[in-house]
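Novice: take a look and give me a structure for this.
(one chain, ligands or ions: 1)
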Amino acid sequence: MRLNGKQVLLTGASKGIGRAIALLFADEGADLALTARNADALNEVAEAVRAKGRRAHPLVWDVRDVGRVDERLAEARAALGGLDIVVNNAGVVRLPGDHPDPTEEAAWDYLLDINLKGLYFLCQGAAKILQEQKSGVIINLASDAGMRAAPNAYGISKWGVVGYTRGLAKQLAPHGVRVNGIAPGPVATEMMNWHPGESMESPGLPLGRYSLPEEIASVALFFASADSRAVFGETIVVNSGND
Ligand SMILES: NC(=O)c1ccc[n+]([C@@H]2O[C@H](COP(=O)([O-])OP(=O)(O)OC[C@H]3O[C@@H](n4cnc5c(N)ncnc54)[C@H](OP(=O)(O)O)[C@@H]3O)[C@@H](O)[C@H]2O)c1
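Specialist: Have a look, this model is predicted:
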């Protein structure tokens, strides 16, 4: 097992890619603090982790509530007995369907606050802990939309993630902490309006189908494990060959 006894804080753990990361990391021996806004969905993932014989501590938390970062980190550490790995996976691509204010400014604030501000402040809080203990890993979920021309708030937020991942990696490398990112293309999750049972096919993609959440999770495992011990500040594109 590649993460035996490792203690992980994972955001956006209630579904999609986050859920797949939680289950794969549990298979590899990790204990997890799981965060998202939806308590029922979070509890379902926590039960699935426990069924694998690992500890799971659900924490209902909106990552925009950056004033509670230190409190959430302390809760996670207390529940797990330490902290080795932080995965910033929570993200959104649009306003919720019933949002009362579907203006461009509202969408900008919503996407930037979740995708970039929430990630930045959790990284800052985690960095204090990990650099003091002189070990640890941070993994940030970007997007292939953050690796090419970005004409919208989502792409801009993910460019920010890619750049900050590289900058933070440089800051923390001398302290024994590795920071890396993953830039998925279209993945079969609710974010892509994909639901279980629907076709995986996507003829526009060179691979002919969406990526699976598990195919993103396996790259997260690479970054979480010692297999990537000499990799700092990289963001790996995992996008079914999408241009
Ligand atoms: N799917 C794709 O095609 C794709 C492509 C490129 C990049 N990505 C990135 O991969 C990551 C995961 O995406 P996904 O496809 O798994 O999306 P998803 O299925 O929609 O899941 C998103 C996760 O983020 C959580 N979340 C959203 N807003 C949050 C907030 N304010 N506070 C706390 N948690 C929040 C959601 O939980 P709650 O709603 O319960 O809070 C959920 O657990 C995101 O960063 C996304 O940008 C995805």
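Novice: looks to me like Thr93 is in a helix.
Specialist: One thing to correct before we go on: residue 93 is Val, not Thr. No: judged by DSSP: H, G, I helix; E, B strand; the rest coil, Val93 forms no part of a helix; its state is coil.
Novice: burial count for it?
Specialist: By the criterion of other C-beta atoms under 10 Å, Val93 has 17 neighbours. All C-beta atoms are positioned from the backbone trio N, CA, C, and that covers glycine.
Novice: got it, and the one 10 residues further on?
Specialist: As a burial measure, Thr103 scores 10 neighbours (other C-beta under 10 Å).
Novice: now do Glu214
Specialist: For Glu214, the count of nearby residues is 15 (other C-beta under 10 Å).
Novice: for Glu28, same thing?
Specialist: By other C-beta under 10 Å, 17 other residues sit near Glu28.
Novice: list the contacts of Ala188.
Specialist: Counting by C-beta atoms under 8 Å, 6 or more residues apart in numbering, Ala188 touches Trp194, Glu198, Met200, Tyr210, Ser211, Leu212, Pro213.
Novice: please apply the same query to Ala226.
Specialist: Contacts for Ala226 (C-beta under 8 Å, 6+ apart) come out as Arg2.
Novice: how much space separates it from Pro203?
Specialist: Noted for Ala226: a distance of 39 Å to Pro203, by C-beta to C-beta, to the nearest Å.
Novice: report the rounded mean pLDDT for stretch 169-188.
Specialist: The pLDDT scores in stretch 169-188 average 98.
Novice: quote the end-to-end distance of it.
Specialist: The straight-line separation of the ends of stretch 169-188 (C-alpha to C-alpha, to the nearest Å) is 29 Å.
Novice: buried set for it?
Specialist: Using 16 or more other C-beta atoms under 10 Å as the test for burial, stretch 169-188 gives 169, 172, 177-188.
Novice: now those in a markdown table, with distance to Val161?
Specialist: Shown next, in a markdown table, are these (distance: C-beta to C-beta, whole Å):
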| residue | distance to Val161 |
| --- | --- |
| Ala169 | 12 |
| Leu172 | 16 |
| Val177 | 17 |
| Arg178 | 16 |
| Val179 | 11 |
| Asn180 | 11 |
| Gly181 | 6 |
| Ile182 | 10 |
| Ala183 | 9 |
| Pro184 | 12 |
| Gly185 | 15 |
| Pro186 | 17 |
| Val187 | 16 |
| Ala188 | 21 |
